[in-house]
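[1] Here is my input, please return the structure:
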Amino acid sequence: MQRSSCQPSTLCCRNSMADGAAIPYETAARMALREFGLGSARLQLVGISENVTFRADDDHSGQSYVLRLHRPDYHTLEELNSERLWLEALRSSGISVPTPVAAPDGRHFVPVHVTEGETRQVGLNLWAPGEIVGELLTAHDKSTDAAGPTEIAEPFGQLGALMATMHNQATSWTPPPSFQRHRLDLDGLLGDAPFWGPFWESPVLDERERGLLITARDHCRAQLRRYGEPSRTFSMIHADLHLANLLTHDGKLGVIDFDDAGFGWHQYDIAVAMFHSRGTADFRAARQAFLHSYRAVRPISNDDLALVPMFELIRGMAILGWRAERPEVPWPEGQLEMFRSGVVAGCERLLSGDLDRA
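    Next comes the predicted model:
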């Protein structure tokens, strides 16, 4: 759930190179650059979160790159290479995604020592030009009283069409036998050891709330067990596709940050887009634009869409688990309480049969 921008929802902090926390990462990044044949490139820290991200500028070629030090033990080397394979398949389908760069020896990831006992895999992509859509929308809101329905609807409509195009690619694509990626399935989202951590054990919850989340989890599990994993709505998904992970350049959209990509339900993908923008002005218009554009590219039934509100709640629970297992990642003041209260209220509505329908 790391983000590439630094909006309040992105859980990312910008730091200068003088910051003590950045020094070991900068040293490791320079080691990695030498492995990629770019030892003389200039480095600029973009953000420290789960992963540590730098921009590297090669004055000799004029090319800029994104250098990412991947969080230890989050993905295996095989899983990282599988992410790259899906990116190649998406690019072949005409979708703008990051372009990986190989080292002279053909490797796409190189291990570097960071500190005692910590080694990270480092990958390199071409720097994608453009601006983050979510940041543009936020800047527009600040420059006016509020974005109107038209301003909100346009990026959400574009996002809906793009997500549907990605779902079309994923459902028609057969990964190679060596492909390995996590599953955001029944166990991955709601099992005893969810992918992003046991959310019901979050320290911000009291005893009553923990019991409420466990009961809601069991309710969601039962509903998804009945629903199953139909091929029309279960495939590879981005799993973090919202406006803060969209770039716009010369009128074309690009998708970034595939760190969470895995096998999962399309409704979870849709729920992520809804969840991270539900509090914006004219959200109803944004949702309508998203679904209209999605359905113009890929059909989805009302029955399938009816699960989206439940997946929004599951997204909120996942974020609570993610935060509890990553206390070192800074959050804006008050954001964790906002998530906690929203998830608790959602669980209460779910169990009372009053959860919103998409």
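[2] So if we follow the domain assignment, how does this protein break up?
    With domains defined by automatic domain parsing, the chain comprises 8-126, 131-351.
[3] Just send these back as TSV, with mean pLDDT too.
    As requested, those are exported to TSV (pLDDT from 0 to 100):
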stretch	mean pLDDT
domain 8-126	89
domain 131-351	92
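[4] Reformat those domains as CSV; add mean neighbour count.
    Any C-beta I mention is one placed from the backbone N, CA and C, and that applies to glycine too. Converted to CSV, the domains of the chain look like this (neighbours: other CB atoms under 10 Å):
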stretch, mean neighbour count
domain 8-126, 17
domain 131-351, 18
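[5] What segments of the stretch 251-358 of the chain are helices?
    266-275, 283-297, 302-305, 308-324, 335-351 (DSSP state H, counting those that start in this stretch).
[6] I'd like those helices laid out as CSV, including distance to Gly62.
    As requested, the helices of the stretch 251-358 of the chain are arranged in CSV below (distance: least, CB to CB, whole Å):
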stretch, distance to Gly62
helix 266-275, 35
helix 283-297, 36
helix 302-305, 46
helix 308-324, 38
helix 335-351, 39
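[7] quick one, what contacts the residue nearest to Ser96 when sequence neighbours are not counted?
    Spatial nearest neighbour of Ser96, excluding adjacent residues (CB to CB, 6 or more residues apart in numbering): Gly254 at 3.6 Å. Taking CB atoms under 8 Å, 6 or more residues apart in numbering, we find Gly254 in contact with Ser96, Val97, Ala128, Gly130, Leu246, Leu247, Thr248.
[8] Quick check: beta-bridge partners of Gly254?
    Going by DSSP bridges, Gly254 is paired in beta bridges with Ser96, Leu247.
[9] Now Met236: closest residue in space that isn't a chain neighbour?
    Of all residues not flanking Met236 in the chain, Ala170 sits nearest, at 4.3 Å (CB to CB, 6+ apart).
[10] Kindly report the same for Asn81.
    In space, and not counting its chain neighbours, Asn81 is closest to His108: 6.5 Å by CB to CB, 6+ apart.
[11] The one you found against Arg84, yeah?
    Yes. Look at His108 against Arg84 with CB atoms under 8 Å: they come within range, at 5.6 Å.
[12] who touches both of these two?
    Pro100, Gly123.
[13] all strands for the stretch 51-200 of the chain, in order.
    According to DSSP state E, counting those that start in this stretch, the stretch 51-200 of the chain carries its strands in the segments 52-58, 63-69, 109-115, 118-126, 131-132, 183-184.
[14] quick one, what contacts the residue lying closest to Met274 once chain neighbours are set aside?
    Leaving aside its sequence neighbours, Met274 sits nearest to Glu312 (CB to CB, 6+ apart; 5.6 Å). Contacts for Glu312 (CB under 8 Å, 6+ apart) come out as Ala271, Met274, Phe275, Arg278, Gly346.
[15] just so I know, which of the helices of the stretch 251-358 of the chain lies nearest Glu209?
    With CB to CB as the criterion, Glu209 lies closest to helix 335-351 of the helices of the stretch 251-358 of the chain, at 5.3 Å.
[16] ok, residues contacting that closest one?
    Residues from elsewhere that reach helix 335-351 (CB under 8 Å, 6+ apart): 8-9, 199, 202, 204-205, 209, 212-213, 215-216, 219-220, 310, 312-313, 316-317, 319-320, 323, 355-356.
[17] now stretch 171-182
    75-76, 78-79, 82-83, 85-86, 89, 188, 195, 231-232, 235-236, 261-263.
[18] if we go to 7 Å?
    By CB atoms under 7 Å, 6 or more residues apart in numbering, the surrounding residues in contact with stretch 171-182 are 76, 78-79, 82-83, 85, 89, 188, 195, 231, 235, 261-263.
[19] Show me the two of the residues you listed that sit farthest apart.
    Greatest spacing in the contacts of stretch 171-182, by CB to CB: Thr76 and Ser231 (26.2 Å).
[20] gap between the longest helix anywhere in the chain and the chain center?
    Secondary structure of the chain per DSSP state H: the longest helix is helix 149-172. Computed by CA atoms, centre = their mean, to the nearest Å, the chain-centroid distance of helix 149-172 equals 15 Å.
[21] need the helices for the stretch 1-150 of the chain, in chain order.
    Listed in chain order, the helices of the stretch 1-150 of the chain (DSSP H, counting those that start in this stretch) span 23-35, 77-92, 133-143, 149-172.
[22] Which elements pack onto the first one?
    Contacts of helix 23-35 with other secondary structure elements, assessed using 3 or more CB pairs under 7 Å, 6 or more residues apart in numbering; DSSP states H and E, are made with strand 42-48, strand 52-58, strand 63-69, strand 109-115.
[23] Just put the ones you listed in JSON lines and tack on distance to Asn302.
    Output for those, formatted as JSON lines (distance: least, CB to CB, whole Å):
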{"stretch": "strand 42-48", "distance to Asn302": "40"}
{"stretch": "strand 52-58", "distance to Asn302": "40"}
{"stretch": "strand 63-69", "distance to Asn302": "40"}
{"stretch": "strand 109-115", "distance to Asn302": "43"}
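[24] That concludes my questions; thank you for your assistance.
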